[in-house]
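Engineer: Okay, predicted coordinates and the sequence, questions at the end:
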Amino acid sequence: MRQQMSLARHVGSLAAVWLATLLAGCGSTLPTRDDGTLSTSAIRSETVGPAPTDPDQLLAELAERYQGQWSNQAEVFAASENGQQDAASSLVSQQIEAIRAPQFGRRVFRVRISFGAPGQQRQRLRLTRFAYDSSRSLVRQDVYGFPDANGYIQLAAESEAWAELSPDRLRPSPGCSIWWQRRDNGRWVGATDPGQCAAAELGESTGSVTEWLQLDADAMRYQQVRQVAEGQTAVDRQFEFQRARSFTGWFALHPQGDKATTAPAVGAWHTGRNLQLHDQGGSVVLPRGDGTPSGYRLELARLHYPGQARSFLRLSFIDANQRSLGYVFATDDARDIGVNLGWLQVGLQAQPAVAR
């Protein structure tokens, strides 16, 4: 909690004042707040016309928007640049993938949440489903926890085993259903019923809380608030996630690594053509030719220095002692990024984005 509140102080753009406009115009069907306004200048949401009225269309659009890889590494980087020593401990990543589990409904997702810096992460597994609620004319998102996630946390999203998962193995979250509504500009906003959720999605709460979300094509904002006195609330935690962009590529690693002084024998290079990582702090340890880990790691991140006009891509090279051996930069919209250090050669290409 202390770490999250410390991070919140460093990311003023996500202060509590954003909540009123988040759900403004929802009428009586969604909880409302009157303690501030939200500046949305940092989030681009194109004007796309009136929202669909067909429930199946609404469900399909929200489901497509929701899934993907999300991370708050950009705000963690900004906090670190502002001098916060423990910023990395506030890193949160979400991998959201559709699964086939008809016993729970048609729109069902596996959510893997990682908390903390790479190598020090703790993980949580959630199952969530979307359904249209005609009584409120809103999309309802129900969230289920895994008291025992063994056997499922690493299970592939396409596995048929999800269809055999018994509902008895899951823990429901009463009062934590998120009610979603689409804006005419394409933005989705959602909230739980006020003060009813005691099993918040992103971190344990200290009592019943309200969760608020704002979902754009490439950004997701989350805030958890708690009532501390009549008419007064406090922010427990807040995050701004960016959608990850996937990259694939190749590498060639000298068998002596960064200690190499001469060219290796023919065929001695450790090579691979199936690198996969994303630009929200995605990392991969390079394998040797026999498949064992070399200890050298690549990390790709889309970052933004405070005060700069735009963000950028950074590809870092890290050894087994977590020592940075160097990095290269590219514009944040670059389709390719790579390097030739002599002992290490890397080439990465961005994968086509899915329209959302």
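Structural biologist: In hand now; what should we look at?

Engineer: Just the helices from the stretch 1-150 of the chain, written as ranges.
Structural biologist: Residue ranges of the helices in the stretch 1-150 of the chain, as given by DSSP state H, counting those that start in this stretch, are 2-10, 19-22, 55-66, 73-81.

Engineer: what's the domain layout of the protein?
Structural biologist: Listed by automatic domain parsing, the domain ranges of the chain are 2-243, 246-350.

Engineer: Kindly compare burial across these and name the winner.
Structural biologist: Mean neighbour count (mean count of other Cβ atoms under 10 Å) peaks for domain 2-243 among the domains of the chain, with a mean of 17. No exception for glycine: its C-beta is placed from N, CA and C like everyone else's.

Engineer: Could you check how far the nearest residue to Gly249 once chain neighbours are set aside is from Val339?
Structural biologist: Of all residues not flanking Gly249 in the chain, Leu348 sits nearest, at 3.7 Å (Cβ to Cβ, 6 or more residues apart in numbering). Look at Leu348 and Val339: by Cβ to Cβ, to the nearest Å, they are 10 Å apart.

Engineer: wait, is Val284 part of a helix?
Structural biologist: No. Applying DSSP: H, G, I helix; E, B strand; the rest coil, one finds Val284 to be strand, outside a helix.

Engineer: so it sits right up against Pro293, yeah?
Structural biologist: No. With contact defined as Cβ atoms under 8 Å, Val284 does not count as touching Pro293 (10.1 Å).

Engineer: on that earlier part again, just checking, the residue nearest to Gly249 touches Ile337?
Structural biologist: Yes. Contact status for Leu348 versus Ile337: in contact at 5.2 Å, counting by Cβ under 8 Å.

Engineer: if I look at Leu348 and Val339, which residues touch both of them?
Structural biologist: With Cβ atoms under 8 Å, 6 or more residues apart in numbering applied, the overlap between the contact sets of Leu348 and Val339 consists of Leu315.

Engineer: how much distance is there from stretch 325-343 to the middle of the chain?
Structural biologist: When distances are taken as Cα atoms, centre = their mean, to the nearest Å, stretch 325-343 is centred 23 Å away from the chain's centroid.

Engineer: Can you check the distance spanned by that stretch, start to finish?
Structural biologist: According to Cα to Cα, to the nearest Å, stretch 325-343 extends 12 Å from its N-terminal end residue to its C-terminal end residue.

Engineer: got the contact list for that stretch?
Structural biologist: Where contact means Cβ under 8 Å, 6+ apart, the residues beyond stretch 325-343 that reach it are 247, 249, 253-254, 256-258, 260, 296, 300, 302, 310-319, 345-350.

Engineer: Quick check: mean pLDDT of it?
Structural biologist: Model confidence over stretch 325-343 averages 94 on the pLDDT scale.

Engineer: Check stretch 147-160 too.
Structural biologist: Confidence over stretch 147-160, taken as the mean pLDDT, stands at 90.

Engineer: which of the domains of the chain has the lowest average pLDDT?
Structural biologist: Lowest mean pLDDT of these: domain 2-243, a mean of 79.

Engineer: Need the residues touching each of Leu348 and Ile337.
Structural biologist: Residues touching both Leu348 and Ile337 comprise 247, 300, 315, with contact defined as Cβ under 8 Å, 6+ apart.

Engineer: Just the ones of the residues you listed in helices?
Structural biologist: Under the assignment DSSP state H, these contribute nothing to helices.

Engineer: Run through the residues that contact the residue nearest to the spatial centre of the chain.
Structural biologist: Note on the chain: the residue nearest the mean C-alpha position is Trp70, at 1.9 Å, using Cα atoms, centre = their mean. Applying Cβ under 8 Å, 6+ apart to Trp70 gives the contacts 93-96, 220, 241-244, 280.

Engineer: Now the residues you listed in JSON lines, please, with extra columns for distance to Trp212.
Structural biologist: Converted to JSON lines, those look like this (distance: Cβ to Cβ, whole Å):
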{"residue": "Ser93", "distance to Trp212": "20"}
{"residue": "Gln94", "distance to Trp212": "16"}
{"residue": "Gln95", "distance to Trp212": "22"}
{"residue": "Ile96", "distance to Trp212": "18"}
{"residue": "Met220", "distance to Trp212": "11"}
{"residue": "Phe241", "distance to Trp212": "14"}
{"residue": "Gln242", "distance to Trp212": "18"}
{"residue": "Arg243", "distance to Trp212": "19"}
{"residue": "Ala244", "distance to Trp212": "23"}
{"residue": "Gln280", "distance to Trp212": "22"}
